[in-house]
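**Q** Need a 3D model of the sequence below.
(one chain, ligands or ions: 1)
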Amino acid sequence: MARILVTNSEGTPGVGETATMLAAGAGGLDAIEAGIRLVEADTSIRTVGKGGWPNLLGEVELDAAIIDGNTFRSGAVGALKGYLHPISVARAVLERLPHEMLVGEGAARFAGEIGAERANNLIPDSERVWRQWFEENVSPADQEKWPDVPLAQLCQQAIDPEKGMDTTVFLSLDGKGEIMAGVSTSGWAWKYPGRLGDSPIIGAGCYADTKYGAAACTGAGEMAIRAGTSRAIVLYMKMGLSLERAVDEAIDDLLRLRGGLIQRITLHSIDRDGRHRVVAVNAQDQLSYWLWREGDGEPHAEPVELVAL
Ligand code: GLY
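**A** Predicted coordinates:
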């Protein structure tokens, strides 16, 4: 079984570590968690972990999930504040709780209980950009009353693509032939407080099944939630479609969405034979991803396939 790792360009700080661990025989969950931790701690990655853009209130809320494709046990956290490594808190949900997902105060409580590393994830540059947005977009009257003001109208600015809308996604087929997936994100800049994207929603932001393959999404999480995209790709493979065709079907599902938020979404997928496909729908620019295959040596960047509307 040829080992394989697919991660997106946000995975740059962690791809080498995950590939090295997989090459040395580590299991996928350990290798993915280690790689994502490096991304979460790297403040140059502005859509994941420390350095991620804040919500409308200027608070960084983090989402992450990890799934074991053998057992379908998953762990996810949503809107977690004040901790450096949501992926490790998600892993602890998987390993220590009878639940699959914790959000908000409960997730933070659990993170404290397991001794997770605390952090102020709002770096000075994010605070500066948020404050500038606040001063330019919130009326003087509302600034006086802040934060006790309606946020729904301001939330429209959460769709500004300049402010980041990405995630890091890691998919692996390890030396035991087991398939795992993990994802982590700060979600959309200026999102409504408490907004969860696709990343913590198992089946939307990621899914893995050792018998068939794995998938994960970046970009407009609202779309992946509506179409159940990651689970759909794996299920289409289970129903007998090739990886190529399974992704085509998932794209077709996305193209049928009407109303709501329609923006760029990128689908990452692998199958149990070591094939992979990474496709972006509605992309304005060329994107790249990282690929590592056993025997490759170092991971290398590849261009994302673009699907034109
Ligand atoms: N895909 C990340 C998000 O929508 O939060």
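
**Q** give me the residue from the stretch 51-200 of the chain nearest the ligand.
**A** In the stretch 51-200 of the chain, the residue found nearest to the ligand is residue 197; the distance is 2.1 Å by CB to the nearest ligand atom. The way it works is simple: take the backbone N, C-alpha and C, and place the C-beta from them, glycine included.

**Q** surely that residue meets residue 183?
**A** No: with contact defined as CB atoms under 8 Å, residue 197 and residue 183 do not form a contacting pair (9.5 Å).

**Q** any residues in contact with both of these two?
**A** Shared contacts of residue 197 and residue 183 (CB atoms under 8 Å, 6 or more residues apart in numbering): 167, 205.

**Q** quick one, which of the two is more surrounded?
**A** Ranked by neighbour count (other CB atoms under 10 Å), residue 197 and residue 183 place residue 183 first, with 35 against 26.

**Q** Am I right that the more buried one is in a strand?
**A** Yes: with DSSP: H, G, I helix; E, B strand; the rest coil as the criterion, residue 183 is located in a strand.

**Q** Residue 264 touches residue 282, doesn't it?
**A** Yes: using CB under 8 Å, residue 264 is in contact with residue 282, at 4.5 Å.

**Q** what sits in contact with each of those two?
**A** By CB under 8 Å, 6+ apart, residue 264 and residue 282 have these common neighbours: 219, 220.

**Q** sorry, back to before: give me the element the residue of the stretch 51-200 of the chain closest to the ligand is part of.
**A** Assigned by DSSP states H and E, residue 197 falls within no helix or strand.

**Q** Return the residues in contact with the nearest residue to it once chain neighbours are set aside.
**A** Once flanking residues are discounted, residue 197 sits nearest to residue 221: 3.0 Å by CB to CB, 6 or more residues apart in numbering. If you count contacts by CB under 8 Å, 6+ apart, residue 221 has them with 167, 185, 187, 188, 196, 197, 198, 199, 201, 204, 205.

**Q** which residues touch the helix or strand of the chain with the lowest mean pLDDT?
**A** Sorting the helices and strands of the chain by mean pLDDT, DSSP states H and E puts helix 124-137 at the bottom, at a mean of 92. The contact list for helix 124-137 (CB under 8 Å, 6+ apart) reads 46, 51-54, 58, 60, 122, 143, 146, 154, 157, 163, 190.

**Q** Name only those of these that count as buried.
**A** Among the contacts of helix 124-137, the ones that count as buried by 16 or more other CB atoms under 10 Å are 46, 51, 52, 53, 54, 58, 60, 122, 154, 163, 190.
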